[in-house]
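Asker: how does the following fold in three dimensions:
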Amino acid sequence: EAMSLNIHHLKLTFPSALLLAGPGSIYGTMVLGSLVKVIVPYGWGWGMCLTFGSILCATDPVAVVAVLKQVGATPRITMLVTQEALMNDGAALVLYNLFFSTLLVDEEESAEYSTASSIAIYFASVIIISPLLGIAFGLATVYGFKRANDRMKSDDSIIQVSLTLSCAYLSFFVAEHVVGVSGVICCCVAGIVISWVGSPLIIQHETMHSVWSTFEWIGNTLIFLLAGLLFGAEVLYNVTGTDVLMVFVIYVLLHFIRGFMLFMFYPAISRGLYGLNVLECLFLTWGGLRGAVGMALALALV
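Answerer: Below you'll find the predicted structure:
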């Protein structure tokens with residue numbers, strides 16, 4: 001999704017998307033976590049409730065964009081929702097790491113992010129270092145495009161596709177597991193740099209799109225298949241009426257929380273370069289679909 005963004009539209013919708021993905025994700029996590037603490041009858045602590053809220057605050061660009069294209073939504077709405085989904089994936093993972101660390105604490109340990117200063121340092125490093133790493137990986141990939149840019153050589157097109165795949169996985173791995181910042185943000189920024197600077201150097205855009213669409217479909221399918229294999233047999237015969245009721249209650253709460261968030265941010269969104277009217281914001285309330293990202297975070301709890 002990041003590599004296929006329209007840079008002109010991205011510049012116009014970026015402030016609104018950043019508002020929804022940054023403060024909006026924090027708001028959604030805190031409000032949903034607080035409501036779950038009160039409503040859900042499972043005796044969850046605050047750490048689990050806020051972790052649960054961070055999982056469900058991430059909208060899914062794959063599911064959302066597919067639905068928007070089917071209903072014929074305008075390009076500005078599609079771009080705004082896509083950007084929000086890409087950025088709040090990173091925000092959700094940052095919040096998830098922050099709150100999930102409290103679940104790993106036993107009586108003899110202290111939480112990794114237990115003080116205000118440690119939390120502030122973590123957020124600052126994520127906000128600053130993650131994009132810088134993404135820019136570096138993106139520029140390195142673009143340099144590879146320049147070195148493999150002979151349209152008369154069929155292998156160069158394969159090399160370019162391989163470079164994007166390597167960039168995606170390496171940027172995430174290095175940022176998340178080596179540097180200790182957000183791999184999602186790093187990966188998304190790298191994709192945006194490739195879209196912005198490297199797009200003219202791509203030899204076969206159709207091949208690039210086809211390969212990535214295939215990986216996108218396989219990745220989403222595997223995540224849901226894995227979730228079914230891990231949870232299906234164990235949970236299927238243990239579901240109670242209370243569990244089903246809680247699913248519907250939380251589903252309704254998610255829409256109300258998102259709708260109220262858009263209502264709060266409407267003055268800023270409506271005055272943006274790509275200002276939205278009331279009906280479009282109401283439509284966006286139903287555009288916050290959850291999908292593979294939330295499922296992946298849930299699987300990490302196993």
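
Asker: and the helices in this protein?
Answerer: With helices called from DSSP state H, the chain shows them at 7-21, 23-39, 46-56, 61-71, 75-103, 116-147, 154-173, 183-193, 205-235, 241-270, 278-285, 292-299.

Asker: wait, residue 133 sits on residue 188?
Answerer: No. Under the contact definition of C-beta atoms under 8 Å, residue 133 does not touch residue 188, with a separation of 11.3 Å. For the C-beta atoms, the positions are set from N, CA and C on the backbone; glycine is no exception.

Asker: among those two, which residue is more densely surrounded?
Answerer: Counted by other C-beta atoms under 10 Å, residue 133 and residue 188 do not tie: residue 188 has more neighbours, with 27 against 23.

Asker: list the contacts for the more buried one?
Answerer: If you count contacts by C-beta atoms under 8 Å, 6 or more residues apart in numbering, residue 188 has them with 2, 86, 87, 89, 90, 134.

Asker: and of those, the nearest to residue 225?
Answerer: Within those, proximity to residue 225 (C-beta to C-beta) peaks at residue 89, which comes in at 20.4 Å.

Asker: flag the shaky bits of this structure, pLDDT-wise.
Answerer: With pLDDT under 70 as the threshold, the chain has low-confidence stretches at 61-66, 73, 104-116, 233-234, 272-275, 287-288, 302.

Asker: and the residue nearest the centre of it?
Answerer: Compute the mean C-alpha point of the chain, and by C-alpha atoms, centre = their mean the closest residue is residue 89, 1.7 Å away.

Asker: and the gap between it and residue 16?
Answerer: 17 Å (C-beta to C-beta, to the nearest Å).

Asker: with residue 45 instead?
Answerer: If you measure residue 45 against residue 16 using C-beta to C-beta, the figure is 35 Å.

Asker: the two: who's more crowded?
Answerer: The residue with the greater number of neighbours, taking residue 45 and residue 16 and applying other C-beta under 10 Å, is residue 16; the counts read 24 against 11.

Asker: the more buried one touches residue 267, doesn't it?
Answerer: No. Using C-beta under 8 Å, residue 16 makes no contact with residue 267, being 11.4 Å away.

Asker: and for residue 267, the neighbour number?
Answerer: By the criterion of other C-beta under 10 Å, residue 267 has 8 neighbours.

Asker: burial measure for residue 9, as a count.
Answerer: Taking other C-beta under 10 Å as the neighbour definition, residue 9 ends up with a count of 18.

Asker: over to residue 171?
Answerer: Residue 171 sits with 27 neighbouring residues when counted by other C-beta under 10 Å.
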